[in-house]
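Engineer: what's the 3D shape of this:
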Amino acid sequence: MALTIFILRLAVCILAFPMYLLDFLGLWNWICKQWFPYFLARFTVMYNKQMESKKQELFSNLREFTGPSGKLSLLELGCGTGANFKFYPSGCQVTCVDPNPNFEKFLIKSIAQNRHLQFERFIVAAGENMYQVASGSMDVVVCTLVLCSVKNQEQILQEVCRVLRPGGAFYFMEHVADKPSTWNYFWQQVLDPVWYLLFDGCNLTRESWKALEKARFSKLKLQHLQAPLSWELVRPHIYGYAVK
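Structural biologist: The predicted structure is shown next:
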């Protein structure tokens, strides 16, 4: 099986040689950062339609974590185009963090469409180093479809714990590796190297639930599901929340 995966990976990588060449020349990352927001703007419309009930379920208890000020301070990590905004409660104070500055114009459009929110600021930064966000300043941190592409999950979760106040919550919804016995897992392994380049560092084979289980949260509510998505490769999901 390992040999078969290696041979198929090699064949796929040969077909994707132009991408690897551009990456070697240092051009692919710039191209990807330019086009990825446009792709994500279209993808998230489909994703939200197919996952609407799960997102509503996930975010249904956000108000329970409202801080002493009476306002819900929420930081969205890897905010992308602002696809989660419509699921947040009215009056929520939203701070956005994303390493790609090209998402800003899409965020502006989402903010205009979600007047029930109080938008605070957009910070261009990697989640591993959110030094612009004060420690203990957030009631809630949200990340969806982000842990698949970050460089260091452990460091990200350490930063999440740092910016959350005691008793605050971290909400997540992520695609993950399928069960090793499935054909889907087989194809996830075959296509992972090319998928990583094509979709701006996204990994198909991450077992992100393990990082969450090891993180220093006092409570973790995590569920696995096969998401009702058109793309079978990303159907395996985890979602839930953790309390600091």
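Engineer: where is the longest strand in this structure?
Structural biologist: Across the chain, the strand with the greatest residue count (assigned by DSSP state E) is strand 164-175.
Engineer: pLDDT of that strand, averaged?
Structural biologist: Along strand 164-175, the predicted confidence averages to a pLDDT of 96.
Engineer: one more: stretch 106-123?
Structural biologist: Per-residue pLDDT values over stretch 106-123 give a mean of 93.
Engineer: need the CA coordinates for that stretch. CSV is fine.
Structural biologist: These are the backbone C-alpha positions of stretch 106-123, laid out as CSV (Å, rounded to 0.1, in the frame of the first residue of the first chain):
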residue,chain,number,x,y,z
PHE,A,106,-13.7,40.8,1.2
LEU,A,107,-14.0,41.5,4.9
ILE,A,108,-15.2,45.1,4.3
LYS,A,109,-18.0,43.6,2.1
SER,A,110,-18.9,41.1,4.8
ILE,A,111,-19.0,43.8,7.5
ALA,A,112,-21.3,45.9,5.3
GLN,A,113,-23.7,42.9,5.0
ASN,A,114,-23.6,42.1,8.8
ARG,A,115,-24.6,45.4,10.5
HIS,A,116,-25.7,43.5,13.6
LEU,A,117,-22.0,43.1,14.5
GLN,A,118,-19.6,45.7,16.0
PHE,A,119,-16.4,45.3,14.0
GLU,A,120,-13.2,46.3,15.9
ARG,A,121,-10.2,45.8,13.6
PHE,A,122,-8.4,43.6,11.1
ILE,A,123,-5.0,42.5,12.1
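Engineer: buried set for that stretch?
Structural biologist: Burial within stretch 106-123, assessed by neighbour count using 16 or more other Cβ atoms under 10 Å, is assigned to 106-107, 110-111, 114, 117, 119, 122-123. C-beta: built from backbone N, CA, C; applies to glycine.
Engineer: centre of the chain to the following helix or strand past the longest strand of the chain, how far?
Structural biologist: The C-terminal neighbour of strand 164-175 among helices and strands, as given by DSSP states H and E, is helix 183-198. Relative to its parent chain, helix 183-198 has a centroid offset of 18 Å by Cα atoms, centre = their mean, to the nearest Å.
Engineer: just checking, what packs against the helix or strand following helix 183-198?
Structural biologist: Helices and strands here follow DSSP H and E; after helix 183-198, the next one along the chain is helix 208-214. The contact analysis (3 or more Cβ pairs under 8 Å, 6 or more residues apart in numbering; DSSP states H and E) places helix 208-214 against helix 153-163, strand 164-175, strand 219-226, strand 236-243.
Engineer: so in that sheet, which strands flank the last one, and in what orientation?
Structural biologist: If I follow you right, that is strand 236-243. Strand 236-243 pairs in its sheet with strand 164-175 (antiparallel), strand 219-226 (antiparallel), by DSSP bridges.
Engineer: could you export the helices and strands packed on helix 208-214 as JSON lines, including mean neighbour count and distance to residue 91?
Structural biologist: Supplementary listing: the helices and strands packed on helix 208-214 in JSON lines, determined by neighbours: other Cβ atoms under 10 Å; distance: least, Cβ to Cβ, whole Å:
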{"stretch": "helix 153-163", "mean neighbour count": "19", "distance to residue 91": "20"}
{"stretch": "strand 164-175", "mean neighbour count": "21", "distance to residue 91": "17"}
{"stretch": "strand 219-226", "mean neighbour count": "12", "distance to residue 91": "25"}
{"stretch": "strand 236-243", "mean neighbour count": "20", "distance to residue 91": "20"}
